[in-house]
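> turn this into a model:
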Amino acid sequence: MGLDRASVRAGFSNYTNALRTLQASTVVLSSPIFSTFISVYWRNPKTKASGNEIIEVSLSKPLDEIIAARQYKQAGGLGYFTRWASDLIHCQMNIESANSALALACKAARTLQFMASTGLRPSSKSMPIRGDFGRDLPGRDHGSSWYDPIEKRYLFVDEPYAAAVKDRQQERSAWSLRNRWEIAKPLWAGMYYPEGGSELYLISDGQKGLPLGPVLLALSRMPAPVVPENCKRVTMTDGELFRSPGEVRDAKEKAQKAKQARGPRTTGNTVPYRMVMASGRRPNVKMAIATHQRVGQLLKDVISATRQRVGIVNRLASVRSELDDWVQLEYDHDALPNDVFFELYYQERNIVPDNEYGIAGRSLHIERLQEAKALIAFSYPDCKPVRDLLRKLDLALQSLTSWK
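Here you go, the predicted structure:
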């Protein structure tokens, strides 16, 4: 039987022995270790109601140790998300209801739970079909591929609905035996849709795949999968912008370290600079703080209203990040206290008027970006760093203009 072979390969006498051992060793994490926040905006196109569902999930590792930013697209539960801060991910897809937003946030949380526990990373590799004249594993559904960066081996996940495979277990075991694959069902319920009846199965090549025993043991020690009924929701008052502890901490550390650095010698219209996470050249003059405030407000207004348009938001995020770096080097703490600095380019609006949201406010967004361009061009000398910023604003304007 495939389960017995997998259990023996993992160091147990048979599948029953493996199951009993895993059940005996099951422990629930007694306290949170690292908190990660998951944010999903939603807006009902008929009622115009909108909001932001935020949940907090406790994980055994920091977010950036669980998954790299470039890997989000490969993980099914994280495919619509992007890293926003060291402890915050944000959904970039249009969601039409609070319930759907909450379900999507929980699915992302379960994916992070799975990776944090097993150490696996998402993979784009598909499960190969062997033997049986090309016939697939009976009942396989909602599959995903995973890679162990230490063992350099792959493991595949199958998450069909329980009703669909209830009467096909012998057929699935026979398939795995004929094709030399190992299949095991962990105690943990899974990532896809456990609250709706899906089940989790691990599948591995019997000769070249990742041994299932350690993964089964890791999953047996996990807390219950995060679902809407048990998730830890973060509530915000109307109009309040959520900033995670990591987002606030990172911004403060960045500002403090930048203000401690000495300014380098000026050359021509630009001066080189180096910060904790940024370096390059900047204009050798200051833009007035009031102008920074105006440009920052213009950028924040457009970002908050066009979150679903990646071509706009990514470019504007790059512009404000660079201006945020420049202003820290242009003014010391006395001239630019923290309470003013922290609101210059961040803390955008959470609630956007209907006539400004998305494509409905396109003409207003275009006016705002054109004003931001004019202010930057007037305040700084003509130089490559400034031209690069203006180019990014032009690209954001192009994305606005072509938005259908």
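
> domain ranges for this protein, per the record?
1-235, 245-402 (automatic domain parsing).

> hey, where'd the helices end up in this structure?
With DSSP state H as the criterion, the chain has helices at 2-9, 15-25, 63-66, 98-118, 162-165, 169-179, 213-220, 245-260, 289-305, 310-330, 338-341, 362-379, 384-402.

> packed most tightly, which of these would that be?
helix 98-118 (a mean of 23; mean count of other Cβ atoms under 10 Å). For every residue, glycine as well, the C-beta is placed using N, CA and C.

> who's in contact with the nearest residue to G311 once chain neighbours are set aside?
Distances taken as Cβ to Cβ, 6 or more residues apart in numbering put S399 closest to G311, at 3.4 Å, once the chain neighbours are dropped. Contacts for S399 (Cβ atoms under 8 Å, 6 or more residues apart in numbering) come out as R309, G311, I312, R315.

> next, format the helices of the chain as CSV and append distance to P138.
Shown next, in CSV, are the helices of the chain (distance: least, Cβ to Cβ, whole Å):
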stretch, distance to P138
helix 2-9, 12
helix 15-25, 19
helix 63-66, 33
helix 98-118, 24
helix 162-165, 8
helix 169-179, 5
helix 213-220, 22
helix 245-260, 45
helix 289-305, 48
helix 310-330, 39
helix 338-341, 60
helix 362-379, 51
helix 384-402, 46
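
> and those: which comes nearest K46?
Closest approach to K46 among the helices of the chain (Cβ to Cβ): helix 98-118, 13.8 Å.

> what's the distance between the residue nearest to G311 and A305?
According to Cβ to Cβ, to the nearest Å, S399 stands 13 Å off from A305.

> any residues in contact with both of the two?
Residues touching both S399 and A305 (Cβ under 8 Å, 6+ apart): there are none.

> the nearest residue to N350 once chain neighbours are set aside and S363, how far apart?
Nearest residue to N350, sequence neighbours excluded (Cβ to Cβ, 6+ apart): L241, at 4.8 Å. Distance of L241 to S363, computed by Cβ to Cβ: 25 Å.

> ok, and the closest non-adjacent residue to A335?
Closest to A335 by Cβ to Cβ, 6+ apart is I289, at 7.3 Å.

> give the contact list for L299.
Here L299 is in contact with L316, V319, R320, Y345, R368, A372 (criterion: Cβ under 8 Å, 6+ apart).

> let's see it at 7 Å
By Cβ atoms under 7 Å, 6 or more residues apart in numbering, the contact set of L299 is L316, V319, R320, Y345, A372.

> quick one, which of those residues has the minimum pLDDT?
Ranked by pLDDT, the contacts of L299 bottom out at Y345 (88).

> quick check: that residue touching S318?
No. With contact defined as Cβ atoms under 7 Å, Y345 does not count as touching S318 (11.5 Å).

> circling back to that earlier point, out of the helices of the chain, which comes closest to G197?
Closest among the helices of the chain, using Cβ to Cβ: helix 162-165, at 5.2 Å.

> how about the contacts made by L104?
Counting by Cβ under 7 Å, 6+ apart, L104 makes contact with V40, C91, I95.

> so what's the residue lying closest to A164 once chain neighbours are set aside up against?
Spatial nearest neighbour of A164, excluding adjacent residues (Cβ to Cβ, 6+ apart): G139 at 5.4 Å. By Cβ under 7 Å, 6+ apart, the contact set of G139 is P160, A164, V165, R168, R172.

> 6 Å instead?
By Cβ atoms under 6 Å, 6 or more residues apart in numbering, the residues touching G139 are P160, A164, V165, R168.

> with E199 instead?
Listed by Cβ under 6 Å, 6+ apart, the contact set of E199 reads A162.

> report pLDDT for it.
So, for E199, pLDDT stands at 96.

> any idea how far it is from F156?
15 Å.

> kindly report the same for S60.
Relative to F156, and taking Cβ to Cβ, S60 is found at 23 Å.

> which of those two has more neighbours?
F156 (24 against 17; other Cβ atoms under 10 Å).

> contacts only, for the more buried one.
Listed by Cβ under 6 Å, 6+ apart, the contact set of F156 reads M127, S145, I203.

> not counting sequence-adjacent ones, nearest residue to the last one?
Going back to what we said before, that points to I203. F156 (4.3 Å).

> brilliant, that's me finished.
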